[in-house]
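In: Everything below, folded, please.
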Amino acid sequence: MADYIPELAKAEPDYLGVAICTTTGHVYSAGDAEVEFTLQSVSKPFAYALALQELGLDAVREIVGMEPSGEAFNELSLNRYDHRPVNPMINAGAIAVTQLINGVDSDPAERVEQLRSYFSRLAGRELKIDEKVRDSELQVSDRNLSLAHMLRNYDIIQDEAHDAVSTYVEQCSIKVTVRDLAVMSATLANGGTQPVTGEKILDADVCRLTLSVMSSAGMYDGAGRWMAEVGIPAKSGVSGGLLGTLPGQLGVATFSPRLNKEGNSVRGVDALTLLSKDMGLHLMSTDERYGVHPVRRMETEDDLTVIFLQGLINFNAAETILHQLTECEFGEGTVVLELSHITGSNRMGRRMLKEGLRRIREAGFDIAIVDPDGELEDRTMADGTEVPKGEPEDYALSEEAV
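Out: Numbers count the residues shown, from 1 in each chain. Predicted coordinates for the structure are as follows:
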């Protein structure tokens, strides 16, 4: 537990929640997904994105670098050549970045409100500051005050050290759930458009830069190992929050308060590792090419509905297919998935297709697949039964229907 902040030490250690938000705005969650916790360092990439949005890369790069540090998050160190913090994901860099928000001459209270309002837009609901955590953290902020004095000494920040730290701690004390955090993360994945509300909040270039820095520095001195093994740009916080972002696909968030030696959530790390391997989410995967429109078309004639699929069926494509299936109002009879235009699939995509078919059958329909290339070689569904397989002529539609 993060026992150096007294209020965080009181958290329930057995909490475990996870949520995923796709770039199409569909949110899925499990476990303690409605429990609120403070952002802590998970706030850093979002504050960095706001600074880039308000000031541009050149101005932000004058006060903070973009290189991984290889050091602990609260290390008392700056770049030896120009005295800038090495990157915005460590405390020194985050404190410097926060002082740019709303202009360097901003009143601290106005700066905090700008941050809170912006975070609320990312989440799609009004977020609040946890005053107990804020006050508890301010009582033990000697190290962050040392960082702020060091930054002032080299003219990296203009605010008084206490104001700089107070503003940063307020930012870290904003409360979210894993559902909020997944939606916020998906906004970065979606090029700055909040996928649930549809509001354009950040420029696509800002999201690209933020994700790039997250990929190299978001997991502190474990960042290199993280990208090699998990391959999801991520950011952790000492309250137990952890977010991951797959560009163009989804945002994922976990919450579990117990931490490893790097300050990352133990079970959060395990969960994202499992999701990466099980769902084929590694950013550097060489065998995944992501399609955008997996449902080629859908045709209905009499008591037969044929759904023509195309492209690579991975998690993102299968999720889109399942969501479209749930919105369809089939008549009666048989529903068929036509797979002749599938270029490939991964294990998670195949598993989700079978689950979608099982649910259609449970709703009272007959199901089948047309699979000339044997893409769905294992047709066993979760309940142990098999998906029936037919030939194209078995489910041929008339020319009028097509």
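In: got the contact list for the closest residue to Ser256 other than its chain neighbours?
Out: Of all residues not flanking Ser256 in the chain, Arg267 sits nearest, at 3.9 Å (C-beta to C-beta, 6 or more residues apart in numbering). To be clear about C-beta, it is placed using only N, CA and C from the backbone, and glycine gets the same treatment. Residues in contact with Arg267 (C-beta atoms under 8 Å, 6 or more residues apart in numbering) are Leu16, Thr254, Ser256, Arg258.
In: Contacts only, for the spatially closest residue to Gly237 that is not a sequence neighbour.
Out: Using C-beta to C-beta, 6+ apart and skipping the chain neighbours, the partner closest in space to Gly237 is Gln40 (3.4 Å). With contact taken as C-beta under 8 Å, 6+ apart, Gln40 is in contact with Ala2, Cys172, Gly237, Val238, Ser239, Gly241.
In: Among those residues, pick out the one closest to Ser215, please.
Out: Gly237 (17.2 Å; C-beta to C-beta).
In: burial count for the closest one?
Out: Neighbourhood size, Gly237 [other C-beta atoms under 10 Å]: 27.
In: The one 4 residues further on too?
Out: Around Gly241 there are 27 other residues, counting by other C-beta under 10 Å.
In: again, but for the one 10 residues further on
Out: Neighbour count of Gly251, defined by other C-beta under 10 Å: 26.
In: my read: it touches Leu188, true?
Out: Yes - contact status for Gly251 versus Leu188: in contact at 6.8 Å, counting by C-beta atoms under 8 Å.
In: between these two, what contacts are shared?
Out: Contacts common to Gly251 and Leu188, judged by C-beta under 8 Å, 6+ apart, are Thr245.
In: ok, which stretches of the stretch 251-400 of the chain are strands?
Out: Along the stretch 251-400 of the chain, the segments classed as strands by DSSP state E, counting those that start in this stretch run 295-301, 304-313, 334-345, 366-370, 389-390.
In: among those, which is nearest Asp203?
Out: Short answer: strand 304-313, nearest of the strands of the stretch 251-400 of the chain by C-beta to C-beta, at 28.3 Å.
In: now Arg179, nearest residue through space, not along the chain?
Out: Nearest residue to Arg179, sequence neighbours excluded (C-beta to C-beta, 6+ apart): Ala19, at 4.6 Å.
In: Beyond the strand or helix carrying the one you found, next helix or strand please.
Out: Following DSSP states H and E, one finds Ala19 within strand 17-22. Once the chain leaves strand 17-22, the next helix or strand it forms, by DSSP H and E, is strand 27-31.
In: No further queries at this time; thank you.
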